[in-house]
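**Student:** Next one to model:
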Amino acid sequence: MDFLSFIGDNLQIFLSYTGFANATSGHLIMIAVGLVFIYLAIAKEFEPMLLIPIGFGILIGNIPFKDAGLQLGIYEEGSVLNILYQGVTSGWYPPLIFLGIGAMTDFSALISNPKLMLIGAAAQFGIFGAYILALLWGFDPSQAGAIGIIGGADGPTAIFLSSKLAPNLMGAIAVSAYSYMALVPVIQPPIMRLLTTKSERVIRMKPPRVVSQTEKIIFPIVGLLLTCFLVPSGLPLLGMLFFGNLIKESGVTRRLAETARGPLIDVITILLGITVGASTQATQFLTLSSLKIFGLGALSFVIATTTGVLFVKFFNIFLGKDNKINPLIGNAGVSAVPDSARISQVVGLEYDSSNYLLMHAMGPNVAGVIGSAVAAGVLLGFLG
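**Tutor:** Modelled structure (predicted):
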């Protein structure tokens, strides 16, 4: 009997540590969310490089366990996940992501037609519009600034800014930012169609001029000096972005550029995705604030797309007939590179099968990357 009692007691202890014994409805809800992310990544091919790591990270973060000092969870000091998560909380990963983005980005479309920079700037109204709405919804200024950056459709920037201004909201902000980046093909086309006429959708733009190698080399140097002298607080992101672009365009550091845009950014994306996903533990994530953040994220994305398209329509009033800009590229002012530019192309081809807008749309698209980083620097400078 003593032996049987011993076995029974130990079995009871073992069962008390299982996920089945510690699961709550919140854990099950978040596991379902993680499965939806994975489904969208595989079945719909919505940003699979992001949604698969984040989706699986959500599963990891919501395996229920009994808190007994085993250092399993991402919020437990000294756990493996907690150590990896420090790259998010301390802001290490976003600048490295920007290094890779710079090393894979061709700024030729923007250099050849600098006025497209204005479209990227106009789309950043989504950030400041969401900031105002967040204040009205009861968030303090620092939290509102971190939430507003979702409108830039730039996950690394959202993580960087929230790590500085609102670390307690980082999980919800990061997941919201990446979710709406993945939903670019769903959210933007209806807005673009609603705000443009058929005649505007078939506007043909002049082919971009050929940009010299010298211009490509000078651009990241001048870009760094102009933006960071204006907004020094954006230096960690903008510095790495322009450095990555210089090692790409210089032509003499090919190995560095290939590492930055290949193995390095892949490793950081994996670590960032898994840890951001794992930070959505139901006990910390399922709150009213998280729901508000998702709502504000959607509104900020809609505002950014709307202001980008409407700005082009307004700008066209002052342009000659032969220099008109197709307003369908206005959506590309958000920094979801290259997805939003690709959407400009797809929607444009629906109305004119021979009107290729992709290269034109890449101008405001890469301008949006710079614009969102500058906006983050402005918010950090005022609120940090």
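**Student:** Can you name the helix or strand that G308 falls in?
**Tutor:** helix 288-316 (DSSP states H and E).
**Student:** T280 too?
**Tutor:** Per DSSP H and E: T280 is located in neither a helix nor a strand.
**Student:** show me the contacts for it.
**Tutor:** 30, 33, 57-58, 61-62, 171-172, 175 (CB atoms under 8 Å, 6 or more residues apart in numbering). For every residue, glycine as well, the C-beta is placed using N, CA and C.
**Student:** How far off centre is the helix holding G308?
**Tutor:** Remark: helix 288-316 is offset 14 Å from the chain centroid, using CA atoms, centre = their mean, to the nearest Å.
**Student:** and if you look at stretch 212-220?
**Tutor:** Counting by CA atoms, centre = their mean, stretch 212-220 is centred 27 Å from the centre of its parent chain.
**Student:** same thing with stretch 285-293?
**Tutor:** 19 Å.
**Student:** can I get the CA coordinates of that stretch in PDB?
**Tutor:** Included here for stretch 285-293 are C-alpha records, laid out as PDB according to Å, rounded to 0.1, in the frame of the first residue of the first chain:
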ATOM      1  CA  PHE A 285      -1.500  39.600 -23.300                       C
ATOM      2  CA  LEU A 286      -5.200  39.200 -23.100                       C
ATOM      3  CA  THR A 287      -6.200  42.500 -21.700                       C
ATOM      4  CA  LEU A 288      -8.400  45.400 -22.600                       C
ATOM      5  CA  SER A 289      -5.300  47.400 -23.600                       C
ATOM      6  CA  SER A 290      -4.300  44.800 -26.100                       C
ATOM      7  CA  LEU A 291      -7.700  44.900 -27.800                       C
ATOM      8  CA  LYS A 292      -7.500  48.700 -27.900                       C
ATOM      9  CA  ILE A 293      -4.000  48.500 -29.500                       C
END
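**Student:** these two touch, right, T196 and G308?
**Tutor:** No. Under the criterion of CB atoms under 8 Å, T196 is not in contact with G308, lying 11.6 Å apart.
**Student:** Between these two, tell me which one has more neighbours.
**Tutor:** Neighbours per residue (other CB atoms under 10 Å) separate T196 from G308, with G308 holding more: 31 against 22.
**Student:** hang on, isn't that one packed against I119?
**Tutor:** Yes. The pair G308 / I119 is scored as a contact, 5.8 Å apart, by CB under 8 Å.
**Student:** sorry, back to before: which positions within the helix holding G308 qualify as buried?
**Tutor:** Buried residues in helix 288-316, defined by neighbour count with 16 or more other CB atoms under 10 Å: 289-290, 292-294, 296-312, 315-316.
**Student:** Next secondary structure element downstream of it?
**Tutor:** That would be, after helix 288-316 and using DSSP H and E, helix 339-351.
**Student:** That following helix: which residues count as buried?
**Tutor:** 339-345, 347-348.
**Student:** So for these, which is the shakiest by pLDDT?
**Tutor:** Sorting the buried residues of helix 339-351 by pLDDT puts D339 at the bottom of the list (89).
**Student:** and that one, what is it in contact with?
**Tutor:** When contacts are counted by CB under 8 Å, 6+ apart, D339 touches 47, 181, 184-185.
**Student:** still on that earlier bit, okay, and the common contacts of G308 and I119?
**Tutor:** Applying CB under 8 Å, 6+ apart, one finds that G308 and I119 are jointly contacted by 330, 332-333, 364.
**Student:** Now rank these by neighbours and give me the top one.
**Tutor:** A332 leads the shared contacts of G308 and I119 on contacts (other CB under 10 Å) with 37 neighbours.
**Student:** so where's this structure shaky on pLDDT?
**Tutor:** Low-confidence segments of the chain (pLDDT under 70): 1, 68-69, 384.
**Student:** Repeat the analysis, applying 80 as the threshold.
**Tutor:** Residues of the chain meeting the criterion pLDDT under 80: 1-6, 8-9, 13-17, 66-71, 152-153, 384.
**Student:** Give me the contact list for stretch 176-195.
**Tutor:** 37, 40-41, 46-47, 50-51, 54, 149-150, 153-155, 158-159, 276, 293-294, 297-298, 301-302, 305-306, 309-310, 313, 327-328, 330-331, 334, 336, 339-340, 343-344, 346-347.
**Student:** 6 Å instead, please
**Tutor:** With CB atoms under 6 Å, 6 or more residues apart in numbering as the test, stretch 176-195 has contacts from 46-47, 50-51, 54, 150, 153, 155, 158, 293-294, 297, 301, 305-306, 309, 328, 331, 336, 339-340, 343, 347.
**Student:** gap between that stretch and the chain center?
**Tutor:** For stretch 176-195 - counting by CA atoms, centre = their mean - the centre lies 13 Å from the chain centre.
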